[in-house]
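**Student:** Need coordinates for the following:
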Amino acid sequence: MLRTFLPSVNARFLALNFDCAQHLCKRYAGHSKWANIRHTKGAKDAQRGALFTKLAQKMKIAIQEGGSTDPKLNINLEQVLEQARRANMPGATVQSIIKSASTKGTGQKYQIEIRGPGSCIVLVDLFTEHIHHAKQNISTIMKKHGSKYADGGAKHCFEQKGIVIAERPAGKDDAVILEKATDDAIECGAEDVKINDEDHLEFHCAASSLKNVAAVLEKTYIVTSASVEYIPTIGQELTDQEMTDAAKMLDKLEALPEVIQTYNNII
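**Tutor:** A predicted model of the protein is given here:
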């Protein structure tokens, strides 16, 4: 289901995915407005210390869930270490985190489902030793923004996908870049490509194919990240005020030290 928003695209691919592309184009109709409201998020994520903290948490989770500090035996750890490499995380820091995680079995991963402003759905990934304290902090934030815990089943609005982010080639317009990226996506086994709100190429693939897809794309592009994420399959439209409220809530949630990542289905 490759979205390229091109007037013409590889015919053999489009014929197979026309119906899905129509659905996805409609789903992302208001994406730019939401991205503009959340413009501060990119700046926060780019902060070196905050990024390294999140990566450290992901490493601990991968070791805990995978049961091994050897990336050859732990694919989740291998993926996180690759993210750390692309983020230029010092090797000594990585080794210190791995050593600490292998000797201390503290902390657990949790996922919380929230029904936010305008009935949007937010998934919050946490890693903490004190889940009750973390939930108290989250409850305080939700209350201030008219939100509540979802009753369950909210995750059905999402699916897990491999996401590969690559730098956009310079000196070319969108149509030319996307036409080339479309061919490259087909060649490497990706399902989807677009230019995202940070002006980078964003390739989507099956979660199980992430490693191979990223490896092939690295031969042509400067890949800045590759990870498995929750992608919304059912979007929720919000008013401008609801978008503003949701953005403020997400900023506060992501500032909590226990929060690894958030996902939402806002369009």
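**Student:** Which parts of the stretch 1-150 of the chain are helices?
**Tutor:** 11-27, 31-37, 39-46, 48-66, 75-86, 91-103, 131-144 (DSSP state H, counting those that start in this stretch).
**Student:** Which of these has the lowest mean pLDDT?
**Tutor:** With a mean of 37, helix 11-27 has the lowest mean pLDDT of the helices of the stretch 1-150 of the chain.
**Student:** Go ahead and confirm L77 touches K60.
**Tutor:** No. The criterion here is Cβ atoms under 8 Å, and L77 misses it with K60 at 9.8 Å. All C-beta atoms are positioned from the backbone trio N, CA, C, and that covers glycine.
**Student:** burial of M243, as a residue count?
**Tutor:** 21 (other Cβ atoms under 10 Å).
**Student:** Okay, the closest residue to it other than its chain neighbours and N196: tell me how far apart.
**Tutor:** With sequence-adjacent residues excluded and distances taken as Cβ to Cβ, 6 or more residues apart in numbering, M243 is closest to I37, at 5.0 Å. From I37 across to N196, the span is 16 Å (Cβ to Cβ, to the nearest Å).
**Student:** Between those two, which is the more surrounded one?
**Tutor:** The neighbour count for I37 versus N196, taken as other Cβ under 10 Å, is higher for I37 (17 against 14).
**Student:** gap between the more buried one and T239?
**Tutor:** Applying Cβ to Cβ to I37 and T239 gives a distance of 12 Å.
**Student:** Could you do D251 as well?
**Tutor:** 19 Å.
**Student:** out of the two, which sits in the busier spot?
**Tutor:** D251 (15 against 10).
**Student:** element containing the more buried one, please.
**Tutor:** helix 240-255 (DSSP states H and E).
**Student:** If I take that helix and helix 131-144, what angle do their directions form?
**Tutor:** Put simply, helix 240-255 runs at 160 degrees to helix 131-144, going by axes from the mean of the first three to the mean of the last three Cα atoms, to 10 degrees.
**Student:** residues making contact with helix 240-255?
**Tutor:** 33-34, 37-38, 40-41, 44, 116-118, 120, 122, 124, 138, 141-142, 144-147, 238, 259, 261-262, 264, 266 (Cβ atoms under 8 Å, 6 or more residues apart in numbering).
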